[in-house]
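Enquirer: Kindly generate the corresponding structure for this input.
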Amino acid sequence: MSEPKDSNRKVDNLGTVINRFLEKRGLNERMRRYRAWQLWEKVVGPQIAARARPARMREDVLEVWVDHGVWMQQLQLLKPKLIARLNAALGEPLIRDLYLRQGGPRANHANVAPKPAELGWQKADLSVEEESRIEQTVANLADVELRDRLRELLRRQAKLAKTREKTGKKGTAGTSGT
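Expert: The predicted model follows:
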């Protein structure tokens, strides 16, 4: 077995490599700010954390979703204290302000898009005969996933055709109810 060319070469751990990478791209400070998510519950306590969650960072402002107006008012009064605690936990003054927004806090911190309104054609009911015809069409498919997807596609197509027939439209069905 051959010897490495430079056996005295120092090997950096993964954390050091990542920190160097972030620093070269000017992201080191931003990543330090985002530690506020990890520290949030510990800093504000479980009662506030149940009602308010960090949503995003804009420069040195932490946006926080608060689930009720009364809690927003209370947090507005506590803002200086919360900012001081967060910065102390972060070890440096990285957060200048909290921007409070009313909305339900999300445990996973994800921005969840609202479910789109159901279109008119999607509300159409298929008859027993139409459902039966679709089932007969997909019955011989061995692949379960393919069968389910084709069934759903055929159901959508039948609902759309039915709505077009009712409304006399040749294009796509409108967004309003039938």
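
Enquirer: Quick check: which ranges of the chain have low pLDDT?
Expert: Scanning the chain with the threshold set as pLDDT under 70 gives 1-12, 22, 26, 28-30, 104-118, 169-178.

Enquirer: swap the cut-off to 80 and go again
Expert: Regions of the chain meeting the criterion pLDDT under 80 cover residues 1-34, 104-121, 167-178.

Enquirer: which of the residues in the top helix by length along it are buried?
Expert: In the chain, taking DSSP state H as the definition, the longest helix is helix 144-167. Across helix 144-167, burial judged by 16 or more other Cβ atoms under 10 Å covers 147, 151, 154, 158-160, 162-164. Heads up, the C-betas are built off the backbone N, CA and C, glycines and all.

Enquirer: ok, now stretch 83-103?
Expert: Residues 83, 85-87, 90, 94-95, 98, 100 are the ones in stretch 83-103 that count as buried (16+ other Cβ under 10 Å).

Enquirer: And the furthest pair within the residues you listed?
Expert: Leu90 and Leu100 (19.2 Å; Cβ to Cβ).

Enquirer: other SSEs contacting the host helix or strand of Leu77?
Expert: Leu77 belongs to helix 69-90 when assigned by DSSP states H and E. Helix 69-90 sits against helix 35-44, strand 61-66, strand 97-102, with contacts defined as 3 or more Cβ pairs under 8 Å, 6 or more residues apart in numbering; DSSP states H and E.

Enquirer: Buried deepest among those, which one?
Expert: Sort the helices and strands packed on helix 69-90 by mean neighbour count, taking mean count of other Cβ atoms under 10 Å, and strand 61-66 sits at the top with a mean of 20.

Enquirer: hmm, back to that, which strands or helices does the longest helix of the chain pack on?
Expert: With contacts taken as 3+ Cβ pairs under 8 Å, 6+ apart, helix 144-167 sits against helix 128-138.

Enquirer: Show me what counts as buried in the helix it packs on.
Expert: By neighbour count on 16+ other Cβ under 10 Å, the buried set for helix 128-138 is 130, 134, 138.
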